Structures are given as structure tokens and as C-alpha cells.
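Visitor: Have a look; sequence and predicted model below, questions after that.
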Amino acid sequence: MFGKQRTQQGPKTIVLAHQDMPPSVKQLQKMLDDTLHNTGMSIQMPFGSPPECFTLMVTRDPMRGIVHWMLYRGEGVSSFLEWEQKTTDPNWIFNLIEAAFPQMGRRKTLTEEMVPQDQMQTARLTKVEAPAESQSNFEGDLQNMAIPNLIQSVDMNALTGRLDLDNKAQRAVIFFQEGKPIHCIVDQTEGEHALLEVIAWTHGKFRFFKEDARQHRTIDKPLHHLLMAGAALQDQINLLRDKGIGLDTYLIKKHSNLPEAEYNKLLAEQTGCDEKLQKTFYTMIDDRTPIVGILAQLPMNKATWVPIVFNMVTCNLCSYKNAADFEQTKPVSVSWNEVHQISALLSNGETAIYTHQAYLYFLALEYYRFRRFKLPFSTVIINAGIRSADNHIYPLHGEAFRILGHHIKQVLRETDLLFHFGDNLACILPCTDSAMAKQFASHLTEILNSAPITTSTGTFGILATLGTATIPDSCESVDALITLAQPRAL
């Protein structure tokens with residue numbers, strides 16, 4: 001609200017000492033704490049040098065308890081309001097000030113203020129050696145500011161630019177035009193479905209860059225509709241997670257030969273989704289294929305398949321079993337001893353995963369099959385590490401490889417193969433084009449990064465990044481296939 005003059009100081013106004021630099025996060029936190037502990041108190045911090053003088057004021061509404069921040073330009077009764085924010089997050093105020101006053105020099109972020117001085121030189125050297133990239137206008141952590149609040153703040157300030165988000169397993173970009181999201185990309189999904197998926201993220205880092213956002217428009221719905229739909233999707237994701245339902249879960253039909261009328265009756269209270277896709281999805285449930293296997297045949301983004309699975313479970317159409325509890329029915333009329341013996345010869349004895357040499361051999365077979373029958377095939381290379389309690393990433397060891405390999409095999413198709421590939425793992429996906437491989441890799445990334453493993457030394461989280469390549473979609477040689485499938489480093 002530009003143009004408002006500053007009100008006169010009241011009896012509970014505290015004016016801090018003037019300083020040349022804008023306030024740091026610690027100073028903002030102290031102003032907030034003093035305000036919260038003294039309802040109705042107004043705290044002002046003047047800063048800057050003439051002719052550019054400013055005053056940051058924070059106060060708490062005694063009736064509603066709302067914390068209100070205001071930044072004024074100028075001095076005395078002639079000052080005018082630049083912007084105002086209602087938030088209890090000092091990091092957000094810090095980011096707004098950082099973006100508004102780059103000419104006053106870079107100040108410490110909250111992370112840097114928490115780093116001991118004797119470690120700062122190492123941090124600076126690390127940053128110098130890192131690849132150069134454009135300076136963001138503000139950045140932060142999604143644990144401190146939820147994505148819906150972040151998007152609403154961009155909208156309220158009518159910002160134009162690009163919002164980059166990274167939650168380790170995935171990266172996303174949202175483009176804004178005068179505060180309105182116009183385009184979003186995450187993995188192979190773009191547009192409104194991509195934005196809904198991103199709104200459901202609960203952790204990660206964000207950075208905003210003010211720039212020309214001339215992108216083709218893929219988002220047309222009003223922002224409040226998208227935020228409501230994103231909140232609904234998050235509720236569905238939370239319910240499925242609380243029930244232990246993930247991509248590696250097996251859905252079990254509760255009714256055989258269900259009549260159309262009864263099917264529609266059970267879905268009378270369903271949540272909104274693509275009903276045609278939902279019916280196709282239901283017909284593909286065979287009690288033996290995990291959700292990820294169905295999605296490999298019927299590719300859908302997360303914002304599409306989550307409501308469908310939610311309806312299957314909550315509308316009494318399906319029960320479910322997790323991969324660890326599901327025992328596949330194996331034929332008993334054929335002895336597979338000789339097959340298992342050959343498989344063991346090609347496998348690492350400690351991990352029961354095919355060797356690197358076997359990977360190259362089977363790749364060659366798939367390549368010959370492509371040349372003869374023109375059937376596409378894909379490879380997925382998996383870079384994975386163990387996430388310790390102190391959030392450091394350590395290489396996989398023999399036992400961890402074995403447990404993780406067993407977990408991955410639960411969601412592979414019977415024709416897919418898993419191998420060692422140096423310090424990584426790799427899969428071969430026969431008869432699989434580029435779109436299907438990328439969809440599978442996206443689902444497998446979510447599974448690996450959400451399911452901890454338990455070894456003899458304890459329970460650890462996994463951080464994994466995946467890369468894919470396909471013949472002939474990506475290239476037409478085995479050497480190029482392996483090169484293009486290299487994943488992003490951890």
C-alpha cells in the first residue's frame with residue numbers, strides 16, 4: 001500500500017539505534033521476539049544513509065495476534081510506506097530486504113550466521129570453486145516457508161520472474177508474470193498438473209530470480225483454485241502415506257466382475273479425477289502388479305494418479321498389500337534350478353545383483369534385438385548413497401547394496417534386470433520407450449528417497465538420483481546410451 005504516511009509513535013514504541021546496513025536475520029528475530037512478548041509494542045529500526053533512509057517497523061495486533069511488518073522510505077512525518085507483510089517468519093522479511101537493497105552490500109544469510117567464524121573461510125573457498133550462476137533475489141528453505149505461502153507472497157508483491165525449487169530427488173521451475181504463475185515444469189510434467197504436484201512438496205530449497213518471464217502459458221486457472229486443488233492433493237498424499245501406500249504397493253480388487261451400476265455407486269463419493277483414466281486404471285488391477293507397474297503401462301503424472309488410487313482405497317473398491325508382504329504365485333510345474341544356477345554365476349555373491357560384466361552382455365543382446373526387430377529398449381542408471389543422521393551422504397556397502405537391490409527388484413517388471421555398474425546400479429528395461437523409462441525413473445526415485453533401509457548397523461535413509469537413455473529415442477549405440485544415462489551427482 002504505497003503512499004501511506006507513518007503514524008506517530010505511541011507510548012509503547014521502541015526506536016532502535018540507527019545503522020547503515022539493513023537488519024540481519026538475528027536482528028529481525030530479536031525484533032520479532034520482543035514484539036511477541038509485548039503485545040501492542042511497536043519496534044522500529046532505522047537504517048541507510050541520506051538520501052536513502054528507511055525504517056522497518058514491526059508490531060503485533062493485540063486483538064487478533066497478527067504480526068505486521070512495515071517498511072517506510074524517508075524520515076519523520078514525510079516518510080511513506082514501501083511495503084507491508086503479515087508473517088512470523090523473519091527469514092521471509094530478510095529475503096525481501098535482501099532483494100530490495102543489493103546496492104548496500106551482501107549480508108549474512110541465516111545459514112552463514114550459524115556457521116562458526118573459523119569455518120567461514122572454508123565455506124567461502126567452496127563457493128568460489130563452485131560453478132558461477134546468476135544471483136537469486138531471495139532464497140530459503142521450504143521447512144520455514146510452505147510453498148502455498150511462498151506463492152501467495154510472490155502474488156501479493158506482483159513479482160515477475162522464475163522460482164527454482166530443489167528437494168534433492170526432484171527439481172521444479174515456476175514462472176510468474178506480475179505475481180501470477182503462468183508455467184511450471186517438474187520432471188516430464190508441465191502446466192497445472194506440475195504446479196499441483198509442487199504445491200504438495202514439504203521440504204527442499206527455493207530461489208527466486210527476477211527476470212523476464214516470457215514463457216508459453218500452460219497455467220490458466222485462478223491461483224486460489226490451484227492452491228485449493230494443491231491442498232486437496234496434499235491431503236490425499238498424506239492419507240496414502242499414513243496407510244503405507246506407495247508406488248510399490250499392490251492393489252487388490254474387493255469385487256470380482258463388478259457391475260457398472262455398482263461401480264458407479266461405490267464411486268458416488270469419489271474425489272475429482274479423470275474418470276475415463278480411472279476406469280482404465282481399475283480394469284488393469286490384476287492383484288499381481290504394483291501401482292508402479294500399472295503406471296508403466298498407463299503413464300500418468302502424480303497429480304493424476306494419486307486421486308485415482310485415493311478413490312480405489314477410500315471408496316471400497318480395493319484393499320492393498322505392500323511389496324514386503326506380497327507373495328507372488330510361482331508356477332510349480334517347471335523346475336528353475338538350472339536357471340537359478342546360471343543367474344547365480346552372473347551375480348555378485350554378496351549382493352545377489354548381476355555384475356557389471358553381465359550388464360554389458362545383456363545390453364549387447366538388447367541392442368541386437370533392436371537391430372533385428374526395431375524394438376526400443378532403455379537403461380536406467382541409479383546413483384545412490386546412505387543418508388546418515390548428520391545428513392551426510394556415504395557410499396553404499398555390500399549389505400546396503402543387497403537390501404536396496406531387493407527393494408528395487410520388487411517394483412521391476414519380470415523382464416527388467418538389475419545390475420552393478422561401478423559404484424552405482426543400473427537397470428535394463430526391454431521394449432520400453434523414452435517416455436515410459438522417464439516415468440518409471442521418476443516413480444523409482446520417489447520410492448528410493450522415501451523408504452529407509454535397515455542394515456546390521458542401523459536404519460538409514462537413501463538419497464538417489466536416476467538418469468535414463470533409450471535406443472533409438474536418445475541415440476543408436478550402446479556407448480552413447482551409457483553416456484547419456486549418467487545421473488546427476490549426489
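Guide: Sure, I can see it.

Visitor: Quick check: which ranges of the stretch 101-250 of the chain have low pLDDT?
Guide: For the stretch 101-250 of the chain, residues meeting the criterion pLDDT under 70 lie at 101-136, 213-215.

Visitor: Swap in 50 and give it another go.
Guide: 105-133 (pLDDT under 50).

Visitor: Which positions within stretch 283-295 qualify as buried?
Guide: By 16 or more other C-beta atoms under 10 Å, the buried positions in stretch 283-295 come out as 285, 289-295. For glycine as for every other residue, the C-beta is placed from the backbone atoms N, C-alpha and C.

Visitor: Using a markdown table, lay out these together with distance to Leu267.
Guide: Formatted as a markdown table, the buried residues of stretch 283-295 follow (distance: C-beta to C-beta, whole Å):
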| residue | distance to Leu267 |
| --- | --- |
| Ile285 | 14 |
| Thr289 | 21 |
| Pro290 | 22 |
| Ile291 | 18 |
| Val292 | 23 |
| Gly293 | 23 |
| Ile294 | 18 |
| Leu295 | 20 |
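
Visitor: residue ranges of the strands in the stretch 1-150 of the chain, please?
Guide: 13-15, 42-49, 52-60, 67-73, 80-86, 138-141 (DSSP state E, counting those that start in this stretch).

Visitor: Mind checking which of the buried residues of stretch 283-295 are in helices?
Guide: 291-295 (DSSP state H).

Visitor: what's the closest of the residues you listed to Arg488?
Guide: Nearest to Arg488 among these: Val292, at 21.3 Å, using C-beta to C-beta.

Visitor: give the contact list for the closest one.
Guide: 247-248, 411, 440, 443-444, 447 (C-beta atoms under 8 Å, 6 or more residues apart in numbering).

Visitor: got it, and Arg488?
Guide: Contacts of Arg488 (C-beta under 8 Å, 6+ apart): 383, 465, 467.

Visitor: now the second one: how far from Arg413?
Guide: When distances are taken as C-beta to C-beta, to the nearest Å, Thr465 and Arg413 turn out to be 22 Å apart.

Visitor: and these two? which has more neighbours close in?
Guide: Taking neighbours as other C-beta atoms under 10 Å, Thr465 and Arg413 compare with Thr465 leading, 22 against 18.

Visitor: Is it correct that that one falls within a strand?
Guide: Yes - per DSSP: H, G, I helix; E, B strand; the rest coil, Thr465 lies within a strand segment.

Visitor: Surely it touches Asn383?
Guide: Yes - with contacts counted by C-beta atoms under 8 Å, Thr465 reaches Asn383, the gap being 5.0 Å.

Visitor: Pull up the overlap in contacts between those two.
Guide: Both Thr465 and Asn383 are contacted by 487-490, under the criterion C-beta under 8 Å, 6+ apart.

Visitor: So, low pLDDT: which residues of the stretch 251-400 of the chain?
Guide: 329.

Visitor: The stretch 351-490 of the chain: strands as residue ranges?
Guide: Using DSSP E, counting those that start in this stretch, strands in the stretch 351-490 of the chain cover 377-387, 393-395, 417-421, 424-430, 453-455, 458-471.
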